[in-house]
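Chemist: Please find the sequence and the predicted model below.
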Amino acid sequence: MVNQGDSGRFRVRVGAGTTVAADVDGAWFEALAAEDRKLQELLLHGIGHGLVGYARGHAVLHGSSVSHAGKGLGILGPSGQGKSTLCASLCRESWEFVSDVMIVVEPETRRLLGQQRRWRLRDDSLIELGELPDDLPIDDDHTRKRRLLCDDVSVGSADIFLERVVVLKNADMLELVELGPVDAILALVTNSYVAERLEPDPSAHLLRLASALQVNGVRVFALGYPHRWDVLKELGPVLRSLLD
């Protein structure tokens, strides 16, 4: 559960006895029950980083982001929809990496804030990308995703701005539909980082951030596709057309 204090501080209670807190200066543990240092690092660099973004007034979305010809694209959707896999696949085909797991963006300017140069991928995705899973460390014991560094791909510059967002979903065939203003804002709110854990009711806060993105020119599309690798590799031209 997450709530924002009067001082602009955010906090998340993770299970029993662990609380991650953050303000504009950084994240820390207010209470700590877990002794696993790997888990501690994951919480601070995951949830903690996202909360710092909220504290600084940024929109924080659950997804991956890439850029092409200097224009930013956000890839959103529930867990298991292929966000990181699509991001990694695009970056093998001349797209530039910006972020994985979360997208942090200044809502008024739409400027994307880059993150650590790595993906978190499941074994089947790694195999399709030509990687050997056993050679890579487990990044998250719960999801069993592994950490793949992206040192061999281009990384977006400091001046990449979010132009378009696609929300992934399962479909029998490829379908791309632009969402109207109300549905676009709803999709951005629904896919905000840790939105389902925010407490008390975060709707007003997330609504302001999503509305700012929409008003400032971010267009949102629903992208349905069959979850097959051959289809995934065909999405590059479709997504490039959104940025033209």
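Modeler: On my side now, so go ahead.
Chemist: Thr190: what's it in contact with?
Modeler: Residues counted as contacts of Thr190 (CB atoms under 8 Å, 6 or more residues apart in numbering): none. Backbone N, C-alpha and C define where each C-beta goes, glycine included.
Chemist: and the chain, what are its domains?
Modeler: 1-56, 58-243 (automatic domain parsing).
Chemist: Worst mean pLDDT among those domains?
Modeler: Between the domains of the chain, the lowest average pLDDT goes to domain 1-56, which shows a mean of 82.
Chemist: Just checking the distance from that one to the centre of its chain.
Modeler: Relative to the centre of its chain, domain 1-56 is centred 17 Å away, using CA atoms, centre = their mean, to the nearest Å.
Chemist: what about Tyr193, distance to Asp230?
Modeler: 31 Å (CB to CB, to the nearest Å).
Chemist: Then Ser192?
Modeler: Ser192 sits 32 Å away from Asp230, going by CB to CB.
Chemist: Of those two, which one has the most company?
Modeler: Higher neighbour count among Ser192 and Asp230: Ser192, with 26 against 7, using other CB atoms under 10 Å.
Chemist: how would you label the residue nearest to the more buried one when sequence neighbours are not counted: helix, strand or coil?
Modeler: Sequence neighbours aside, Leu206 is the residue nearest to Ser192 in space, at 4.9 Å (criterion: CB to CB, 6 or more residues apart in numbering). Here Leu206 takes the helix state, with states given by DSSP: H, G, I helix; E, B strand; the rest coil.
Chemist: same question, Gly80
Modeler: Secondary structure state of Gly80, per three-state DSSP, is coil.
Chemist: List the residues that contact it.
Modeler: If a contact means CB under 8 Å, 6+ apart, then Gly80 has no contacts.
Chemist: With the one 10 residues further on instead?
Modeler: The contact partners of Leu90, by CB under 8 Å, 6+ apart, come to Val66, His68, Leu235, Gly236, Leu239.
Chemist: ok, now Leu242?
Modeler: Each residue near Leu242 by CB under 8 Å, 6+ apart is listed here: Leu73, Glu163, Arg164, Val166, Arg219, Phe221.
Chemist: separation between the third one and Leu39?
Modeler: Arg164 sits at a distance of 35 Å from Leu39 (criterion: CB to CB).
Chemist: Thank you, goodbye.
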